[in-house]
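[1] following is a predicted model, sequence given first.
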Protein chains: 2
Amino acid sequence: MKRAVVLLSGGIDSTTTLSVAKEEGHEVYALSFDYGQRHGIELESARMNAKRFNVKKHLVINFNLRDIGGSALTSDIKVPKARAEAGNIPITYVPARNTIFLSFALAWAETIRASDIFIGANAVDYSGYPDCRPEFIKAFENMANLATKASVEGPVKFRVHAPLIKLTKAEIIKKGAELGVDYSLTWSCYDPVVETGKPCMQCDSCLLRAKGFKEAGIKDQLINYSD
Amino acid sequence: MKRAVVLLSGGIDSTTTLSVAKEEGHEVYALSFDYGQRHGIELESARMNAKRFNVKKHLVINFNLRDIGGSALTSDIKVPKARAEAGNIPITYVPARNTIFLSFALAWAETIRASDIFIGANAVDYSGYPDCRPEFIKAFENMANLATKASVEGPVKFRVHAPLIKLTKAEIIKKGAELGVDYSLTWSCYDPVVETGKPCMQCDSCLLRAKGFKEAGIKDQLINYSD
């Protein structure tokens, strides 16, 4: 089986990407980060989904992006309770986050002799983050193949796969549902309600999720207001 | 003053690079990493040099590359006591290390609105690491300008400076000595003598350092065997 490193945050996109990597027959090494994000719920989701998809190994790397800040997710800036305006990159953007995540994925891939890296980046129903665009993914892949012993000395050519990059959120949810994703184990909310621990249903990520499920014609089992 | 992020390990190359960034008039934000390397002496050297050059801020980011391994510097593999053979990338190579370091530098640069990043990469008297070559630096810079809000929305163009990339170790030492570097505050040894804490004088990094000082005609004040 061909090994692959899959970035796994525990949200809809990364979990669906994990299901795609498994479907393609990869032996999956799942990689998550405890980077000082606002809450730990998404890491718990990542753990549950790694287990559900029977990954070979799930590694969580710790560092503190709060020392750098610059985002509503890694500082005391409030998370806006609305969809981000089109054309503006919202304050939930975390500087160079996907670059950092992919760099660790590259280090792990080289060490375990994997040449495939999967990321759930999406450029359609997304928040306008620059590091989710195809041109960024391509530039990272190009850099990766100049950065490593494996690619310079050996026969390895790293490939960064972003299988969801051209899908709408609804298409992603339909694909994942086919491949066995249990979306009740995924987490999207940037800023859950403190008292109840439930998704706020007002942040950009919650609103995108709701729009996706609605358009897919699938009920979101995570969110059940009759609870 | 123009802000710059300078990667600072506390060795000869990064400290000389810091002196170049200061000489060029930058307000320096120095960035070091506690990544599970074999010893903490180099971090202490980084702190002393950051202070000596009066940087605006010195940030140390912690993560554990021992979880990934794959190098004599981040696992229990022994450090070879000899110069690396020409043409082979030695076992002290740490997978994707400069990619990871530059990614954090990019995150910090974007957050503090700096467009200049300095790295002490060197492709002449070096250990054959692929992520010290000009083509890697250029590819990272290209990727960085597609990765960030600052470069996509705004007028920022990130530049990754590697001012030592074409210098010999002797030329680096001569340049740093002119710019006020106190090399007795720098550290190179991969694997210091446990009993004394002194440089081993046998690893690739010690041997490169000794060759550099000899060719520069300068005495290495760190190493004094009359102690």
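    Received the coordinates, thanks. Numbers count the residues shown, from 1 in each chain, chains lettered A, B, ... in the order given.
[2] for chain A, longest helix please?
    helix A:97-112 (DSSP state H).
[3] against which helices or strands is that helix packed?
    Judged by 3 or more C-beta pairs under 8 Å, 6 or more residues apart in numbering or on different chains; DSSP states H and E, the packing partners of helix A:97-112 are strand A:3-7, strand A:27-34, strand A:116-118, helix A:134-147, helix B:97-112, helix B:134-147. Yep, even glycine has a C-beta here, placed from its N, CA and C like the rest.
[4] point me to the helix or strand that includes residue A:50.
    Assignment of secondary structure by DSSP states H and E places residue A:50 within helix A:41-52.
[5] how far off centre is that helix?
    Relative to its parent chain, helix A:41-52 has a centroid offset of 12 Å by C-alpha atoms, centre = their mean, to the nearest Å.
[6] keeping just the C-alphas, turn it into PDB.
    Written as PDB, here are the backbone C-alpha positions of helix A:41-52 (Å, rounded to 0.1, in the frame of the first residue of the first chain):
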ATOM      1  CA  ILE A  41     -13.300  20.300  19.900                       C
ATOM      2  CA  GLU A  42     -11.900  20.100  16.400                       C
ATOM      3  CA  LEU A  43      -8.900  18.000  17.600                       C
ATOM      4  CA  GLU A  44     -11.300  15.600  19.300                       C
ATOM      5  CA  SER A  45     -13.100  15.400  16.000                       C
ATOM      6  CA  ALA A  46      -9.900  14.700  14.200                       C
ATOM      7  CA  ARG A  47      -9.100  11.800  16.700                       C
ATOM      8  CA  MET A  48     -12.500  10.300  16.200                       C
ATOM      9  CA  ASN A  49     -12.300  10.400  12.400                       C
ATOM     10  CA  ALA A  50      -8.700   9.100  12.400                       C
ATOM     11  CA  LYS A  51     -10.000   6.100  14.400                       C
ATOM     12  CA  ARG A  52     -13.100   5.700  12.200                       C
END
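[7] which positions within it qualify as buried?
    A:41, A:42, A:43, A:45, A:46, A:47, A:48, A:49, A:50 (16 or more other C-beta atoms under 10 Å in any protein chain shown).
[8] same check, this time on stretch A:106-125
    Within stretch A:106-125, the residues that count as buried by 16+ other C-beta under 10 Å are A:106-112, A:114-123, A:125.
[9] one more: stretch A:182-202?
    A:183, A:185, A:186, A:187, A:188, A:189, A:190, A:191, A:192, A:199, A:200, A:202.
[10] okay, the second one: pLDDT?
    In this model, residue A:185 is scored at 96, pLDDT.
[11] what's the nearest residue to it if we skip its chain neighbours?
    Leaving out its chain neighbours, the residue that sits closest to residue A:185 by C-beta to C-beta, 6 or more residues apart in numbering or on different chains is residue A:48, at 4.6 Å.
[12] surely that neighbour touches residue A:184?
    No: applying C-beta atoms under 8 Å as the test, residue A:48 and residue A:184 come out as separate, 9.7 Å apart.
[13] any idea how far the helix or strand of chain A with the lowest mean pLDDT is from the chain center?
    When each helix and strand of chain A is scored by mean pLDDT, DSSP states H and E, helix A:149-153 comes last, with a mean of 85. In terms of C-alpha atoms, centre = their mean, the centre of helix A:149-153 is found 27 Å from the chain centre.
[14] just stretch A:12-25 next, same as before
    11 Å.
[15] what's the mean pLDDT across that stretch?
    Stretch A:12-25 comes out at a mean pLDDT of 98.
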